[in-house]
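1. I need the structure of the sequence given here:
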Amino acid sequence: MGSLLRSRLFWGSLAGLALAAAFPLVGGPYTIGVLIPAFYFAVFAMSWDLLFGFAGEVNFGPTFLIGLGAYGAGIVDARYGLGVPLSVAFGTALAVAGGVALALPALRLSGPYFGLVTLVAVLLLQQMVTVFADVSGGEIGLSLPDVLSIDDATNYYFALGFMALSGAALFALSRSPAGLILQACGQDPVEAQALGFNVAKHKLAAFVVSAFFSGLAGALLVFYYGTASPGTFIDIAVGVQIIIAAVLGGRRTIVGAVLGAVFLVVAGEVLRPLGQMSTFAVSAVALAVILLAPAGFLGTLLFRRGAA
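-> This next block holds a predicted model:
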């Protein structure tokens, strides 16, 4: 506890949350509407960083887990009227179950094959949404009868609180003994196995945790939008943005993914008047940061100040 209170990262995170909490007092509805999805996007990126940064497994298909959570919650609400709480619980459980079903065979593979399996899983989910359009809404999208709230401030603080709690849980896990073992398994699985650690079990646990937070965030986000579409939740381009956000923020920092996610979303909105050039500009900045500062925003800051 003492080391936590002396940590600049801890106090910096609290200061950032305080500023974010005060933002609705000065920010307009448009800006608030931009930040709400950014907070959920940050949870996606933090969940991905746990799997890649610590377990050493490159998940090229984070939208598989997100899509399961979003569509699972959306379908049962739209078709069966279960309401928000039960629908969110179902979507989260579906994401975890799908994550386990995917991870069990995929984790037996080595090298790039794990990433390829996760990428194919996204393509399969996209096809399922199209084939079962009567249930999923297909390419047109699925409209939900329920939403989290019609009040912008309520949605904002709910998203901010969810992001803060998710970040605290994931960060605490990454710094726990289990997180250190997971990091060892990711960096040198042979040596970790020789020390008596069950590498497969720890990596599977990391995948389950990542699936839980990804699915939960996806299920909540679909009730913020009030609709689900493949381009919003399952598109491969969305998965690439999540990966870039986590890398920009800083690998193995968890909290850094928040900076990367907010930067990508806000920069995309600010440069939207440029049209197609906005994507090019944001991508160019992201590429420059990755090349010049591979440790990312927060990783570079912690390395220079020794604040970890």
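2. contacts only, for Glu191.
-> Ala184 (CB atoms under 8 Å, 6 or more residues apart in numbering). All C-beta atoms are positioned from the backbone trio N, CA, C, and that covers glycine.
3. equivalent analysis for Ser149, please.
-> 155, 158.
4. and if we set it to 10 Å?
-> Applying CB atoms under 10 Å, 6 or more residues apart in numbering to Ser149 gives the contacts 84, 155-158, 223-224.
5. and for Gly33?
-> With CB under 10 Å, 6+ apart, Gly33 has these contacts: 27, 152, 155-156, 224, 269.
6. and for Pro112?
-> 58, 60, 119.
7. try Phe280
-> Phe280 neighbours (CB under 10 Å, 6+ apart): 271, 274.
8. not counting its neighbours along the chain, what's nearest the residue nearest the centre of the chain?
-> Nearest to the mean C-alpha position of the chain, by CA atoms, centre = their mean, lies Phe44 at 0.6 Å. Of all residues not flanking Phe44 in the chain, Ile242 sits nearest, at 4.8 Å (CB to CB, 6 or more residues apart in numbering).
9. so how far is Gly161 from that neighbour?
-> Ile242 is 21 Å from Gly161, where distance means CB to CB, to the nearest Å.
10. comparing these two, which shows the higher neighbour count?
-> Ile242 (28 against 13; other CB atoms under 10 Å).
11. after the helix or strand harbouring the more buried one comes which helix or strand?
-> Using DSSP states H and E, Ile242 sits in helix 236-249. From helix 236-249 onward toward the C-terminus, using DSSP H and E, the following helix or strand is helix 256-270.
12. quick one: contacts for the nearest residue to Gly98 once chain neighbours are set aside?
-> Spatial nearest neighbour of Gly98, chain neighbours left out: Leu68 (4.6 Å); criterion: CB to CB, 6+ apart. If you count contacts by CB under 10 Å, 6+ apart, Leu68 has them with 91-99, 102, 121, 125, 211, 214-215, 218-219, 233-234.
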